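In: fold the following and give me the result.
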Amino acid sequence: MGALENKAKNGLLWSSIDKFSTLIIQFLVGIILARLLMPEDFGLIGMITILLAISQCLINGGFYTALVQKKVIDNKDYSTIFFFNIGVACCLYLILYWSSNYISRFYEEPILVDLVKVIAINIVILSTTIVHRAILAREIDFKTQAIAHITSSVIAGIIGIYLAIAGYGVWALVFQYLSRSILVALLYWVLNRWTPAFVFSKKSFQSLFSFGSKLMISELLKVFFKNLYIIIIGKIYKAEELGYFTRAELFKQVPGTLVGNILQGVTFPLMVKVIDDDKKVENVLVRSIKLTAFILFPVILWLLFFSKPLILVLLTEKWLPSVIFLQILSLDIIFQPIQYINLNFLNAKGRSDLFLKLEMAKNVLTVIAILITYKYGLLHMCIGYVAVSCISFFINSHYTGKFIGYSSLKQLVDLMPYALGGTIAVSISYFICVFIPTELMQLLFGTILCGLLYLLVSKIMKFRELNDMKSILVSKFN
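Out: Okay, here's the model as predicted:
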């Protein structure tokens with residue numbers, strides 16, 4: 001498994017560069033835009049992003065995973081999915097275009113009519129990239145993806161900031177979003193150089209759809225119910241309050257999504273290759289979950305303790321109501337990537353039927369949590385959000401334990417040392433920083449001290465992941 005391990009390490013490195021750089025660029029651009037724009041501008045965008053997310057699920061239709069998962073594949077398969085996606089995307093755009101008036105009336109925001117019509121163009125653009133992404137994933141070529149994503153994020157960020165300074169308001173966010181999709185699509189076509197054949201195979205479509213359709217339904221349900229909070233908040237509360245929630249959610253998503261996407265992109269193709277060997281699969285799962293915990297626990301605790309100076313320094317006082325939401329939502333960070341890892345195992349095993357059932361169970365929990373908490377305000381809704389993720393962890397990991405013996409309890413035991421190490425490092429840092437008078441110095445000194453103390457604790461507790469990360473970086477630079 002030496003060559004496979006080297007390829008996986010190289011993939012992990014480039015996937016890390018891609019996800020880390022892209023998220024950091026978008027995060028920094030988001031901070032600048034948050035300082036230039038108003039909370040209600042972000043609330044308006046939050047109201048319609050669910051439409052794009054749902055449309056993107058329909059375009060992918062689970063076909064991306066199906067293309068990566070299929071052991072023997074040819075250009076006929078790729079071309080069939082390519083043309084199908086474009087057709088679906090055009091239909092979805094027309095539906096959203098003619099539905100824009102109804103969406104505007106639902107939220108009682110007239111500007112949404114034009115916003116929906118313009119931003120929905122993104123659906124058609126992204127529909128042309130699914131095959132390129134699948135080909136690169138099969139080849140574990142994350143370098144090309146990194147170049148496309150980083151370049152487009154930088155240029156789109158500059159466009160968004162320029163438009164915000166020029167006084168375009170919410171439209172700065174719209175054109176930033178749209179320009180990034182255009183640039184990503186162009187770079188995929190230039191760098192990957194795959195071209196479709198003018199064929200549509202019914203046999204290929206049926207084969208891929210039989211697997212991908214279950215994932216499509218699962219993804220649709222996941223996206224809808226994940227964004228159900230935004231729908232309810234946007235309908236019941238003001239756009240400004242939705243803006244506070246989405247900013248807190250963005251800060252929370254950066255570490256969780258970063259680690260989750262990196263591991264999901266690398267572990268899934270790796271598990272597909274060793275899925276018939278339970279010991280090797282379990283080893284991939286254990287190493288992934290431990291690496292997740294090693295990275296994320298200090299981040300979670302840092303957000304809990306330092307969220308107020310973080311918001312005040314980066315976003316200014318107008319965003320202060322986001323602090324309490326960020327503190328609560330940060331507890332959810334660890335569950336998201338671990339759920340990805342467990343669900344990746346089911347996909348690699350070809351059990352998309354179980355994947356769907358697990359997502360449906362989580363959706364039921366989401367509805368229950370909303371029904372219980374929405375009457376009591378955003379704070380209680382955030383608590384319900386985290387509770388659903390915690391319960392979903394136990395549900396998702398049940399089948400991992402059933403198939404290969406890596407149960408919820410074993411996974412929790414593997415998490416505990418890193419939770420302890422993070423608690424020690426961050427709590428010491430916080431109690432020292434309490435005596436620092438300014439928020440800027442609290443944030444800077446506290447962050448540096450947290451990092452140094454966590455490295456020290458990691459050496460004392462002999463965390464293997466510290467040496468693993470060092471060896472990956474050293475071998476690459478050498």
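In: let me see the domain layout of this protein.
Out: The record's domain split for the chain, according to automatic domain parsing, is 1-220, 227-478.
In: take these and write them to CSV, including mean pLDDT and mean neighbour count.
Out: Placement of C-beta: from N, CA and C, glycine included. Converted to CSV, the domains of the chain look like this (pLDDT from 0 to 100; neighbours: other CB atoms under 10 Å):
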stretch, mean pLDDT, mean neighbour count
domain 1-220, 84, 18
domain 227-478, 84, 19
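In: residue 208 and residue 69 touch, don't they?
Out: No. Under the criterion of CB atoms under 8 Å, residue 208 is not in contact with residue 69, lying 9.4 Å apart.
In: grab the nearest non-local neighbour of residue 360.
Out: residue 221 (6.3 Å; CB to CB, 6 or more residues apart in numbering).
In: residue 235 now?
Out: residue 107 (6.5 Å).
In: quick check: residue 398 touching residue 408?
Out: Yes. Counting by CB under 8 Å, residue 408 is a contact partner of residue 398 at 6.7 Å.
In: before we move on, back to that, how about the contacts made by the residue nearest to residue 360?
Out: Neighbouring residues of residue 221 by CB atoms under 8 Å, 6 or more residues apart in numbering: 356, 359, 360, 363.
In: now do 7 Å
Out: 359, 360, 363 (CB atoms under 7 Å, 6 or more residues apart in numbering).
In: same check on residue 161?
Out: Counting by CB under 7 Å, 6+ apart, residue 161 has contacts 29, 32, 33.
In: the first one: which element?
Out: Residue 29 is located in helix 2-36, with elements delineated by DSSP states H and E.
In: element containing the residue lying closest to residue 461 once chain neighbours are set aside?
Out: Counting by CB to CB, 6+ apart, residue 461 lies nearest to residue 421, which is 5.5 Å off, once chain neighbours are set aside. In this structure, residue 421 is located in helix 408-433 according to DSSP H and E.
In: tell me the helix or strand right after that helix.
Out: helix 439-460.
In: can you name every helix or strand that that following helix contacts?
Out: Counting contacts by 3 or more CB pairs under 7 Å, 6 or more residues apart in numbering; DSSP states H and E, helix 439-460 is packed against helix 278-315, helix 408-433.
In: so which of the ones you listed gets nearest residue 159?
Out: helix 278-315 (21.1 Å; CB to CB).
In: tell me how far the next helix or strand after that closest one lies from the chain's centre.
Out: Moving toward the C-terminus from helix 278-315, the next helix or strand (DSSP H and E) is helix 322-329. The chain centroid and the centroid of helix 322-329 are separated by 18 Å, computed with CA atoms, centre = their mean, to the nearest Å.
In: contacts for helix 322-329?
Out: Taking CB under 7 Å, 6+ apart as the rule, helix 322-329 contacts 244-245, 247-249, 251-252, 303-304, 307-308, 311, 378-379, 382-383, 385-386.
In: mind doing that once more with 10 Å?
Out: 34, 39, 241, 243-253, 256, 303-312, 315, 319, 378-386, 389 (CB atoms under 10 Å, 6 or more residues apart in numbering).
In: please, where are all the helices along the stretch 1-150 of the chain?
Out: Using DSSP state H, counting those that start in this stretch, the helices of the stretch 1-150 of the chain run over 2-36, 39-60, 63-69, 75-107, 112-119, 121-126, 130-138, 142-165.
In: what's the fifth one packed up against?
Out: Right, the one you point to is helix 112-119. helix 39-60, helix 75-107, helix 170-192 (3 or more CB pairs under 10 Å, 6 or more residues apart in numbering; DSSP states H and E).
In: out of those, flag the one nearest residue 282.
Out: Between the helices and strands packed on helix 112-119, helix 39-60 lies closest to residue 282; by CB to CB that is 29.0 Å.
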